[in-house]
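Asker: I'd like to go over a predicted model; first the sequence, then the structure.
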Amino acid sequence: MSTLTVTNQVFDVMDLNLWYGDHHALKNINFPINKKEVTAMIGPSGCGKSTFIKTLNLMIKTIPNVKLAGEINFNEKNILSDKIDLVELRKNVGMVFQRGNPFPQSIFDNIAYGPRIHGTRNKKELEGIVVKALMDVGLWDEVKDRLHGPALGLSGGQQQRLCIARALATKPDVLLMDEPTSALDPISTLKIEEMILQLKEKYTIVIVTHNMQQAARVSDKTAFFLMGELVELDSTATIFSHPADERTEGYITGRFG
Amino acid sequence: MERLAPAKDRLLKSEKNWMNGEVRGKIIVFLCAFIMIAATISITIFLGQKGLQAFIKNGVSLIEFLTSKAWNPSNQPNPLFGALPFIFGSFAVTFLSAIIAAPLGIGAAIFMTEIAPSWGRKILQPVIELLVGIPSVVYGFIGLTVLVPFVRNHIGGLGFSLLSGMIVLSIMILPTITTIATDAMSSLPNSLREGSYALGATRWQTIRKVLVPAAMPTLLTAIVLGMARAFGEALAVQMVIGNVSKFPHSILDPSATLTTIITLNMGNTTFGSIENNVLWSMGFILLVISFAFILIIRYLSSRRKF
């Protein structure tokens, strides 16, 4: 039983603490993340959920004065140890940000960027990767005639899906999404949510969201963060029907946050 | 005893005063704009008129002026008006100095914005401001005392050469290129860097494949602005370039530019004479090429992405 759960975990975060300078932003987080599940993180602004998701691919290290303690085990290797290869980690743990941030290049070059920097030179191979990534995010039919047109010419929703395709092109195990629909209209949001449900067949997805309905719609597990603490982590159905902690209940019923 | 006007009138009056202030302000700023436009247009017309006189009134051939290598306007009875060596000299020092200054300036900009944004900027910024503040005559003087003998003793030739001119100019235009290139790099949104790092790119890959291409139109603007400054610089170049009217055959040959010939000869010619008029023609060429630089810059700016 216990060996089964271990092999099913892609991330196992143990006693994670994080400080921005003197500010203790994450407190003793213990957080297992299962393979091929969608894990949603909810909580009020400043609760640490965005900080937490940025620790999983160590993007947090681009911010100065951050101190980390504890363990983040990714495929049973602690990425907080010194020997970690950041390039390899970020290749396997893709990330999508609040706003689509395509590079000012063509659609093709945006998606081929990751494979290219990781050493894929063959043109046929790159084409295959680009087409597949665009199909995975449902963008292929919309852009197949202008693959070499500028990515910045796409709409906001299309740009965000392009960025998801760009992250998928490096063939990651995990896809981190930091409020991926907060800047999008409802229809684009719906498209991305449908896509998440399809992607979880192949990928582990961790999503930060401000929108509790979104968490309820797309996720298998939901975690509630408050003031840097992980208050509760359970199946989404449990969190939204009978949460164990009254703070969770207070938040999801709209009493604060 | 003075009787107060009814409230309605007072309000209207105050409204009128407010309007007057508004109109006055408008007139002042319109005037400022008008003076600037008028100055530019009148300089252009004056220079155009003076610059064309050599061709229209004195019968100098425009083709000869632009393509002949022989220059001797006081040679009687056969004055020679080939300005090609100077046009070539101007372009040569401009492009050569840009070739040196562009990589240095852009490299320094990348260092300040991407590699060491905290201390790199703190050290380099004042250095660059200092470089801007040094008057061009001092650059020329240093070039004359240090650079010219150095070139003569260690590289070859007389020392007074295209090479000396281009080195002095490249240092002079370095701050222009560095400053604008720094602005170009630091105005790139951070989301580009994040996006690239999140895909597993190293810092160098991010700089080379995302940031520099994204900033390219503005980086090119920086180079063209530097070139425009090099093209118009007279004093410092004049002190080190040798000022001979022969067409240079190597980078170590002494040469001259349009600007150095104008400054050297304007005092020796009488106003309205043919020798004087051809100098105006050179000035006019300088103006036309400056306009060309501005057009290039406007075109590049229109392609800015951020």
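Answerer: On my side now, so go ahead.
Asker: List, one by one, the residues from the stretch 151-300 of chain B near chain A.
Answerer: B:189, B:191-202, B:205, B:209-210, B:213-214 (C-beta under 8 Å from any C-beta of the partner chain). (Each C-beta comes from the backbone N, C-alpha and C, glycine too.)
Asker: Now stretch A:223-243: buried residues?
Answerer: Using 16 or more other C-beta atoms under 10 Å in any protein chain shown as the test for burial, stretch A:223-243 gives A:223-226, A:228-234, A:236, A:239-240, A:243.
Asker: Can you show me the helices along the chain?
Answerer: Using chain A here. A:2-8, A:49-56, A:86-92, A:107-117, A:123-136, A:140-143, A:156-168, A:186-199, A:212-218, A:236-241, A:246-252 (DSSP state H).
Asker: The chain in question should be chain B.
Answerer: Under DSSP H, chain B gives helices at B:7-56, B:62-67, B:84-110, B:119-133, B:136-142, B:148-150, B:162-186, B:190-198, B:203-206, B:212-232, B:235-241, B:258-265, B:274-302.
Asker: So which elements touch the first one?
Answerer: In terms of contacts (3 or more C-beta pairs under 8 Å, 6 or more residues apart in numbering or on different chains; DSSP states H and E), helix B:7-56 is packed against helix B:62-67, helix B:274-302.
Asker: Chain A against chain B: which residues are in contact?
Answerer: A:57, A:59, A:62, A:86-91, A:94-95, A:97, A:99, A:101-105, A:113-114, A:116-118, A:152, A:163, A:166-167, A:170.
Asker: Return a PyMOL selection command for the buried portion of the residues you listed.
Answerer: Restricted to buried positions by 16+ other C-beta under 10 Å, the PyMOL selection for the residues of chain A next to chain B reads:
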select buried, chain A and resi 57+59+86+87+89+90+91+94+95+97+99+101+102+103+104+105+113+114+116+117+118+152+163+166+167+170
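Asker: okay, which residue is most central for chain A?
Answerer: The centre of chain A sits closest to residue A:176, judged by C-alpha atoms, centre = their mean, with a distance of 1.2 Å.
Asker: If that residue is in a bridge, with which residues?
Answerer: residue A:95, residue A:206 (DSSP bridges).
Asker: From residue B:270, how far out is the residue sitting nearest the centre point of chain B?
Answerer: In chain B, the centroid-proximal residue (C-alpha atoms, centre = their mean) is residue B:229; its distance is 1.9 Å. For residue B:229, the distance to residue B:270 equals 32 Å [C-beta to C-beta, to the nearest Å].
Asker: How about residue A:163?
Answerer: In terms of C-beta to C-beta, residue A:163 sits 70 Å off from residue B:270.
Asker: What's the local residue count around the residue in the stretch 1-150 of chain B that chain A sits nearest to?
Answerer: Residue of the stretch 1-150 of chain B nearest chain A, by C-beta to the nearest C-beta: residue B:118 (8.7 Å). Residues within reach of residue B:118, counting by other C-beta atoms under 10 Å in any protein chain shown, total 8.
Asker: for it, phi and psi?
Answerer: When read as degrees, to the nearest 10, the backbone of residue B:118 gives phi -80, psi -70.
Asker: what about residue B:272, how many residues close to it?
Answerer: That count, for residue B:272 with other C-beta under 10 Å as the rule, works out to 11.
Asker: no, scratch that, I was asking about residue B:38
Answerer: Quick note: residue B:38 (other C-beta under 10 Å) scores 10 neighbours.
Asker: Next up, the contacts around residue 209.
Answerer: Since you didn't name a chain, this refers to chain A. Contacts for residue A:209 (C-beta atoms under 8 Å, 6 or more residues apart in numbering or on different chains) come out as A:40, A:41, A:42, A:179, A:181, A:182, A:215.
Asker: I was thinking of chain B, sorry if that wasn't clear
Answerer: With the criterion set at C-beta under 8 Å, 6+ apart, residue B:209 makes contact with A:113, A:116, A:117, B:196, B:201.
Asker: Skipping adjacent residues, who's closest to the closest residue to chain B within the stretch 101-250 of chain A in space?
Answerer: Nearest to chain B, among the residues of the stretch 101-250 of chain A, is residue A:101, at 3.7 Å (C-beta to the nearest C-beta). In space, residue A:101 comes closest to residue B:191 once its chain neighbours are excluded; the distance is 3.7 Å by C-beta to C-beta, 6 or more residues apart in numbering or on different chains.
Asker: Repeat that for residue A:63.
Answerer: Using C-beta to C-beta, 6+ apart, the closest residue to residue A:63 is residue A:20 (7.4 Å).
Asker: and what of residue B:304?
Answerer: Going by C-beta to C-beta, 6+ apart, residue B:304 has residue B:217 as its nearest residue, at 4.8 Å.
Asker: and residue 168, how many residues sit next to it?
Answerer: Picking chain A for this. 23.
Asker: oops, I was thinking of chain B
Answerer: There are 27 residues near residue B:168, going by other C-beta under 10 Å.
Asker: cool, and residue A:20?
Answerer: Residue A:20, neighbours per other C-beta under 10 Å, totals 15.
Asker: For residue B:1, give me the pLDDT.
Answerer: Looking at residue B:1, its pLDDT reads 51.
Asker: can you check residue B:4 too?
Answerer: Reported pLDDT for residue B:4: 65.
Asker: if we can go back for a sec, contact partners for the residue of the stretch 101-250 of chain A closest to chain B?
Answerer: Applying C-beta under 8 Å, 6+ apart, the residues near residue A:101 are A:159, A:163, B:189, B:191, B:192, B:194, B:195.
Asker: My understanding was that the fifth one contacts residue B:211; is that so?
Answerer: Right, the one you point to is residue B:192. Yes: taking contacts as C-beta atoms under 8 Å, residue B:192 lies within contact range of residue B:211: 6.5 Å.
Asker: Who are the contact partners of the closest residue to residue B:166 other than its chain neighbours?
Answerer: Distance criterion C-beta to C-beta, 6+ apart; nearest residue to residue B:166, sequence neighbours excluded, is residue B:96 at 3.9 Å. Applying C-beta under 8 Å, 6+ apart to residue B:96 gives the contacts B:162, B:166, B:170, B:251.
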